[in-house]
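Chemist: next comes the sequence, and after it the predicted model I'd like to discuss.
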Protein chains: 2
Amino acid sequence: MKPRINTMEELSVAIGVSRPTLSRFFQNPDLVKKKTVERIEAGLARVEYVPNFFATRLNRKTTGIIGVIIPYLNDLFFTKLLQSVEAAAMEAGLTVITQCSHSDPHIEARAAETFMSMNVDGAIVAPLGDQSDRAVHLRLKSRLPFVLMDSRPKTMPNVDFVGTNHKQSTGLITEYLCRVGKPPAFLAMPRVNFNAVERENAYISKMEELGFEPEIIGTQPVGPSSYFEEHGQAVLGAAFAQGKMTDRSILCVNDRVAIGAIRAASQHGLTPSRGAKGGLRIAGHDDYPLCPYLSPPLTTVAQDTDAIGKKAVSRILQLISSEVSEVEPEITLFDGSLVLRDSA
Amino acid sequence: MKPRINTMEELSVAIGVSRPTLSRFFQNPDLVKKKTVERIEAGLARVEYVPNFFATRLNRKTTGIIGVIIPYLNDLFFTKLLQSVEAAAMEAGLTVITQCSHSDPHIEARAAETFMSMNVDGAIVAPLGDQSDRAVHLRLKSRLPFVLMDSRPKTMPNVDFVGTNHKQSTGLITEYLCRVGKPPAFLAMPRVNFNAVERENAYISKMEELGFEPEIIGTQPVGPSSYFEEHGQAVLGAAFAQGKMTDRSILCVNDRVAIGAIRAASQHGLTPSRGAKGGLRIAGHDDYPLCPYLSPPLTTVAQDTDAIGKKAVSRILQLISSEVSEVEPEITLFDGSLVLRDSA
DNA sequence: CCCTTACATTTACGTATGTAAAAGGGAGGA
DNA sequence: TCCTCCCTTTTACATACGTAAATGTAAGGG
């Protein structure tokens, strides 16, 4: 087992190269003469040494770290988004520190605190809904490059944002549903989630534009801790039990709710179908990774998570390099794209 | 907007309290006289200041950080496990730094490097399968408290491990399936995943114990990047297309594969059912969060992710406090529990 | 052979905090 | 009134490394 060396100083006496030279070597071996590089590498092979992360970051003007906060970990949409962000950040040579707020504003606040104390170069935050503490976001924004991702409160119009154009995406699928079958009802969520509200409104305005009467169900919570799937199943299950909605088109606020909705249909012997012009159809929003494996596979609108993650990172990089703190905020909305499967 | 203060030194002149006193205050306000605490808190309310994370951790003997590596982010089983670990760590007052290896041994190695450079107090690693670099794990283990979680190579028997007793869990569901219907075939995975292999072997030995002939399908990859669901769907879809397996009991290596299997059944107009003594039944392993919402809901064996996460953290805490580096490794295996739903 | 040049290396200082030991201060007792 | 004790605060040093400026060194030209 190799002898362990803890500090660069010790390493320098062990190898016989000055400490600052080692420092240069660890930053970029090209900055050191080839002959010396060889000596250093030979030395490193003989001992167990890793430069101290904290000492490194403490001194650098820039830490090369970006912080990412996501609200849920048990949601494949967010993990997909996170993967996209991580990939983009890695390509840019940044270290990503991810924190999950677990639907808790206090944890979110603590994560923000951590980022500030780390002097991260920038923060990308996918906020909780209503519950997020606005002051926390403002504080982050005032201290460092900051972009909101996925959803944003209407009360923060002056913040950089990257997300989906829900007006477009929800309009797209609403229009599709109207075109090839009965105009859809909207299976909503209790109104604590910004995106859910945006989609609900987008649905309403598209329906009115097309001259149909909007119909919204599911705005009341069904249980104490209603997960999305559970909510969809409960709301629609109750309706089906009363013989209602069984031949309707139903647009769910997101795919996880749709998963519950499809389950409810199955429980009542109903099969939502794209072909059934006058019968039950169920559609969702997001293109959750499991959509193709549902029975029937879910028709939905895909969010371009890849583009969102990439853009969030590139925007952060812009903000980092643009010294000035008073940049005009940029709102980037990506269009959704229709993914037709069998359910609607 | 409050004036921003960057260093504890500046803060000390701004408030009129010496810097070391502030240091004590931030570590534990009880260490400072009440009167002084009030002065400090009044001062903090007037300015924008956060202690520097790196400087803090650099000096402390213990960083209060534990590192966690998981192989996939887009898998609700691992995110569930991660939540359990995070909750336990938070309760113990530890900061968790999570890194995802994204199925890439190089990324895993880099994450390990990061942990070592951070002088994390301990590391909990859910390894990739075969691909994981054994040397990386050994290096981690030689430097800091280290426990493997979820799966482990047979080649590392001397490492602390927390996971599921697959012999028991797989035996349990195999026995159940044999008891209430036809003996199951096993829908396996290409043999790169340790747990998959363990379950396959557990299935074989239980079948032999019960006097049945084991039958294993799906050990060959079906595509270049066969995700679990895709694999299950492809393997079983191909079998169904040939009229095979349509009235069999099928035990899938995990729930994600089972999701694909159920989809394949549905595509061929088949409904796996618990009631069908002689007909098609499909079961899984893990109790993936979406199991209740499949059609039919999936019968499976639940892994006790909560216990696994808690135990991993408590074991790390033990190793941290037990100074000595030569502790007898502890292998903790939790039993799985049968979750009967409609599919088998 | 000496000087210049270009680059590598070293010196010296900076970073933001922890921590042990020394100094300070206030209350209570003689 | 003075001394002592105990707790609080401060002094002084330590941590592990980045970085700019200064110094060293080897190659090439005159």
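Modeler: Looks like it arrived, so ask away. Numbering: from 1, shown residues only, chains lettered A, B, ... in the order given.
Chemist: residue contacts, the one residue in chain A that gets nearest to DNA strand C?
Modeler: DNA strand C sits closest to A:Ser18 of chain A, with a gap of 2.5 Å, by Cβ to the nearest atom of the strand. C-beta coordinates here come from the backbone N, C-alpha and C atoms, glycine included. Contacts were defined as Cβ atoms under 8 Å, 6 or more residues apart in numbering or on different chains; by that measure A:Ser18 touches A:Ser12.
Chemist: from chain B, how far off is it?
Modeler: Note on A:Ser18: its distance to chain B, by Cβ to the nearest Cβ, to the nearest Å, is 21 Å.
Chemist: right, and A:Thr79 touches B:Leu73 too?
Modeler: Yes - at 4.4 Å, A:Thr79 and B:Leu73 qualify as touching, with contact defined as Cβ atoms under 8 Å.
Chemist: so what sits against both of these two?
Modeler: Joint contacts of A:Thr79 and B:Leu73 (Cβ under 8 Å, 6+ apart) are B:Thr79.
Chemist: who in the stretch 51-200 of chain A is up against chain B?
Modeler: Proximity of the stretch 51-200 of chain A to chain B (Cβ under 8 Å from any Cβ of the partner chain) is limited to residues A:51-58, A:63, A:73-74, A:76, A:79-80, A:82-83, A:86, A:95, A:97-98, A:100, A:102, A:113-114, A:116-119, A:139, A:142-143.
Chemist: let's go with 6 Å and repeat that
Modeler: A:51, A:53-55, A:57-58, A:73-74, A:76, A:79, A:83, A:98, A:116-118 (Cβ under 6 Å from any Cβ of the partner chain).
Chemist: from those residues, which are also near DNA strand C?
Modeler: Restricting those to those near DNA strand C by Cβ under 7 Å from any atom of the strand leaves A:Ala55, A:Leu58.
Chemist: go through the residues of the stretch 51-200 of chain A next to chain B and flag which are in helices.
Modeler: Residues of these located in helices (DSSP state H): A:Phe53, A:Phe54, A:Ala55, A:Arg57, A:Leu58, A:Leu76, A:Thr79, A:Gln83, A:Met116, A:Ser117.
Chemist: what sits against the first one?
Modeler: Pointing back at A:Phe53 there. Residues counted as contacts of A:Phe53 (Cβ atoms under 6 Å, 6 or more residues apart in numbering or on different chains) are B:Ser117, B:Met118.
Chemist: same check, this time on the fourth one
Modeler: Counting by Cβ under 6 Å, 6+ apart, A:Arg57 touches A:Thr63, B:Phe54.
Chemist: and the gap between it and A:Arg19?
Modeler: Remark: distance between A:Arg57 and A:Arg19 (Cβ to Cβ, to the nearest Å) = 18 Å.
Chemist: which stretches in the stretch 1-150 of chain A count as strands?
Modeler: Counting by DSSP state E, counting those that start in this stretch, residue ranges of the strands within the stretch 1-150 of chain A are A:65-70, A:95-100, A:122-125, A:146-149.
Chemist: quick check: mean pLDDT across the very next helix or strand once past the last one?
Modeler: Downstream of strand A:146-149, the next assigned helix or strand under DSSP states H and E is strand A:160-164. In this model, strand A:160-164 carries a mean pLDDT of 96.
Chemist: with stretch A:52-71 instead?
Modeler: In this model, stretch A:52-71 carries a mean pLDDT of 90.
Chemist: next: stretch A:108-121.
Modeler: The average pLDDT within stretch A:108-121 is 92.
Chemist: ok, whichever residue of the stretch 51-200 of chain A sits closest to DNA strand D - contacts?
Modeler: Per Cβ to the nearest atom of the strand, A:Asn59 is where the stretch 51-200 of chain A lies closest to DNA strand D, at 2.7 Å. With contact set as Cβ under 6 Å, 6+ apart, A:Asn59 has no partners.
Chemist: could you pull out the helices for chain A?
Modeler: Taking DSSP H as the criterion, chain A carries its helices at A:8-15, A:19-27, A:34-46, A:53-59, A:76-91, A:105-117, A:134-143, A:166-180, A:194-209, A:228-241, A:255-267, A:305-321.
Chemist: give me whichever of these is most buried.
Modeler: helix A:255-267 (a mean of 27; mean count of other Cβ atoms under 10 Å in any protein chain shown).
Chemist: next, the angle helix B:255-267 makes with it.
Modeler: Helix A:255-267 runs at 50 degrees relative to helix B:255-267, counting by axes from the mean of the first three to the mean of the last three Cα atoms, to 10 degrees.
Chemist: what does helix A:255-267 contact?
Modeler: If you take Cβ under 6 Å, 6+ apart as the criterion, helix A:255-267 is touched by A:187, A:228-229, A:231-233, A:236-237, A:240, A:252, A:272, A:282, A:284, A:286, A:288, A:291, A:294, A:298, A:300, B:293, B:295.
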